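J.: how does the following fold in three dimensions:
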Amino acid sequence: MFKQRMIAAAIAALPAVVCSAGILSDDLTTVPNANPKAVGMNAATVLSPELMQVVRAAGAMPVENPTPGVVTHYGYANADAQHPMMPALGSNVEAQKTEPDKNTYLVLDDQQGADSAYDYGHHFLYQGHEVGANGAGAITRINLDADAAHKVTVLATTEADGSTALPVIDGSTWYPFSDHLLFSQEGNGTSNGGIWQATADFPSTVDNLTGIIGRGGYEGIQATLDGTIYIVEDLGGSKVETNAKVPNSFIYRFIPYDRHDLLAGGKLQALQAMSKANPGQPIAFQTTTALTQDMADLHTYGNVFDTKWVTVHDTKTDGTTPFNANQLAKNAKATPFKRPENGQFRPGTLFREFYFSETGDTDATSAANPGHGGWGAILKLVQASPTAATGKLTMFYRCDQAHTGFDNVAFWSANRVVFVEDAGDTLHNQRNALDSAYMFDVRKDYSNSANVPVRIIAQGRDPSATIDSALSGTGNEGDNEITGIHVSDGDPSAFGLLGAKLPIPFQFGWRVFYTGQHGENQTFEVLQNPRTFGNND
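T.: Just a heads-up that it's a prediction; the model follows:
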């Protein structure tokens, strides 16, 4: 049955023959420069000339069903007279921003909201929120067909028991086999972090899966056609050399016993790569230095590493008590990476090629720059199938000061993938450049300096983020970052999984979204610019 599904996926992934005038090529024009960072200066976001963007939700937009202290507006938890959205002159008191994170787009019928008499339409964008007042999180839905009063619905602020507050949330994806959204919390592995599943309708029922999938610095999450769930962890390690952090994050996969019921349990596994410096030994966690030969080898073009998956938890034998997945991965000698944050399967490969980002140390003074992963990287894992026991790991792209802090990822087409930066205020200052989104061609060899990624977004800085960047003690981050880059046709079936079809942005229902996190917390839809329509034919 699985083989038949994979054959069907392959058929669905066949390239569309699009030759009529006016169809946008994926050869986008590069934006020449990132926006500089200057004290007190806002900056407008610049996109490739073939693109434009519109706001689909803004932080100041009231939600239709506010929960005071958790979320009152799309991007604010507690906005009121005592907590203004913009601080008064000379003050650093302002409302807590919720920072909507990863986007998941779905086309669904018969969805409800807080107004039982209203038709909410069919097109929805879901987010968890990365920050909350008093640590409380929320799940929201942007109703793309709705009017302003019904534009944003809070789906849940508690777990299914009605009293346990949701954690703050980072990643999200759709899991069609059980008809649930999956949300991740980037925790510490000991007391927080994990995966939660939520129904898509209002009100959403949310289940805690930390006893099934464990606790960790979970962020990126993607499902495959056989139901396997890949999880990318972002958990920073301690600094042992000048601003260089010990690799402390792992790549996981969860193989459920029953993909229609994740609460039934399964096996959690972590990726292990074999050392070249010490043949026959895995690249395992250590605490003494970030400058190992293994890290240098992992960040060298052309090196190929044998990989295998090691089981760190099995529900049948280990039970359902919440557990520290990060520590168990270390115990099993899985391979730690330099803060990987997100990953996605390349469309058309039958879920056999998985690309994931390493954020790195996000500091120009890191002793791990450039040869030990301090700037981060894009890595590629190739396997015979999503559940294959072994595979091959290579570095696809080694980051540098101008291209670093890679976080979210989305495949734009079969051969082009977009990674977006979250470089942080420290590095923004050091390089005098705000964040960008870059498009890579996976067919190119980026060890050749003639091949460079295409900047498709040079992010600006809105007034609220500009103020936050200049203030301390507000409880909010500073400069804007790009998050939630998402390319999807919203298909809620198994064949709508990211990686199952070849994306065709702006055609046949395919849409592109991202969020400018921090500041005004605006979620944008990227559209084809009609002024350049067809110029690439």
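J.: ok, Thr365 - contacts?
T.: Thr242, Asn243, Gln430 (CB atoms under 8 Å, 6 or more residues apart in numbering). For glycine as for every other residue, the C-beta is placed from the backbone atoms N, C-alpha and C.
J.: can we see that at 6 Å?
T.: Applying CB atoms under 6 Å, 6 or more residues apart in numbering to Thr365 gives the contacts Asn243.
J.: quick one: secondary structure of it?
T.: Here Thr365 takes the coil state, with states given by DSSP: H, G, I helix; E, B strand; the rest coil.
J.: tally of neighbours for the residue nearest to Glu94 when sequence neighbours are not counted?
T.: Spatial nearest neighbour of Glu94, chain neighbours left out: Pro87 (4.4 Å); criterion: CB to CB, 6 or more residues apart in numbering. Neighbourhood size, Pro87 [other CB atoms under 10 Å]: 18.
J.: ok, now Thr29?
T.: Per other CB under 10 Å, the neighbour tally for Thr29 reads 16.
J.: now Leu225
T.: Neighbour tally, Leu225, other CB under 10 Å: 22.
J.: oh, and call the first residue 28 from now on, that's how I've got it
T.: Let's use 28 as the start, then, which means that last one is Leu252.
J.: that one falls within a strand, correct?
T.: No. Under three-state DSSP, Leu252 falls outside any strand and is assigned coil.
J.: can you give me the distance of it to Leu208?
T.: For Leu252, the distance to Leu208 equals 18 Å [CB to CB, to the nearest Å].
J.: got phi/psi on Leu290?
T.: Here the main-chain torsion angles of Leu290 (degrees, to the nearest 10) amount to phi -70, psi -10.
J.: list the contacts of it.
T.: Leu290 neighbours (CB under 6 Å, 6+ apart): none.
J.: report pLDDT for it.
T.: Listed pLDDT for Leu290 reads 98.
J.: again with Val90
T.: 97.
J.: does it count as helix, strand or coil?
T.: On the basis of three-state DSSP, Val90 is classed as strand.
J.: my read: it touches Val179, true?
T.: Yes. Here Val90 reaches Val179: they are 4.6 Å apart, a contact under CB atoms under 6 Å.
J.: before we move on, the earlier item: give me phi/psi at the residue nearest to Glu121?
T.: Per-residue torsions, Pro114: phi -70, psi 150 (degrees, to the nearest 10).
J.: Ala323 now?
T.: Reported as degrees, to the nearest 10, the phi and psi values for Ala323 are phi -60, psi -40.
J.: that one contacts His399, correct?
T.: Yes. Using CB under 6 Å, Ala323 is in contact with His399, at 5.4 Å.
J.: more neighbours: which of the two?
T.: Neighbours were counted for Ala323 and for His399 using other CB under 10 Å; His399 has more, 26 against 16.
J.: what sits against that one?
T.: The contact partners of His399, by CB under 6 Å, 6+ apart, come to Leu318, Met322, Ala323.
J.: any idea how far the closest residue to it other than its chain neighbours lies from Glu268?
T.: Using CB to CB, 6+ apart and skipping the chain neighbours, the partner closest in space to His399 is Met322 (4.3 Å). In this view, Met322 and Glu268 are 11 Å apart by CB to CB.
J.: quick one, which of the two is more surrounded?
T.: Between Met322 and Glu268, Met322 has the larger neighbour count (other CB under 10 Å), namely 24 against 17.
J.: on the three-state scheme, the more buried one is what?
T.: The three-state assignment at Met322 reads helix, by three-state DSSP.
J.: check which helix or strand the residue nearest to the spatial centre of the chain maps to.
T.: For the chain, Asn435 is the residue whose C-alpha lies nearest the centre (CA atoms, centre = their mean; 3.8 Å). Under the criterion of DSSP states H and E, Asn435 resides in strand 433-438.
J.: same question for Gly155.
T.: Using DSSP H and E, Gly155 falls in strand 150-156.
J.: that strand: partners in the sheet, and parallel or antiparallel?
T.: Paired strands of strand 150-156, with direction, are strand 127-134 (antiparallel), strand 166-170 (antiparallel) (DSSP bridges).
J.: would you list those strands in TSV and tack on mean pLDDT, distance to His287 and mean neighbour count?
T.: Converted to TSV, the strands paired with strand 150-156 look like this (pLDDT from 0 to 100; distance: least, CB to CB, whole Å; neighbours: other CB atoms under 10 Å):
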stretch	mean pLDDT	distance to His287	mean neighbour count
strand 127-134	97	18	25
strand 166-170	98	22	25
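J.: which one of those strands lies closest to Trp223?
T.: Between Trp223 and the strands paired with strand 150-156, the shortest gap by CB to CB is with strand 166-170, which sits at 8.7 Å.
J.: give me the mean pLDDT for the helix or strand following that closest one.
T.: Towards the C-terminus, the helix or strand next in line after strand 166-170, according to DSSP H and E, is strand 179-183. In this model, strand 179-183 has a mean pLDDT of 98.
J.: do stretch 514-521 as well
T.: For stretch 514-521, the mean per-residue pLDDT is 98.
J.: and it, what's buried?
T.: Val514, Ser515, Asp516, Gly517, Asp518, Pro519, Ala521 (16 or more other CB atoms under 10 Å).
J.: adding secondary structure, write these out as JSON lines.
T.: Converted to JSON lines, the buried residues of stretch 514-521 look like this (three-state DSSP):
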{"residue": "Val514", "secondary structure": "strand"}
{"residue": "Ser515", "secondary structure": "strand"}
{"residue": "Asp516", "secondary structure": "coil"}
{"residue": "Gly517", "secondary structure": "coil"}
{"residue": "Asp518", "secondary structure": "coil"}
{"residue": "Pro519", "secondary structure": "coil"}
{"residue": "Ala521", "secondary structure": "helix"}
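J.: wait, the residue nearest to Glu121 touches Pro490, no?
T.: No. Pro114 lies out of contact with Pro490 (CB under 6 Å); the separation is 11.5 Å.
J.: list the contacts of the residue nearest to Ile531 when sequence neighbours are not counted.
T.: Among residues not flanking Ile531 along the chain, Trp537 sits closest, at 5.1 Å (CB to CB, 6+ apart). By CB under 6 Å, 6+ apart, the contact set of Trp537 is Asp516, Pro530, Ile531.
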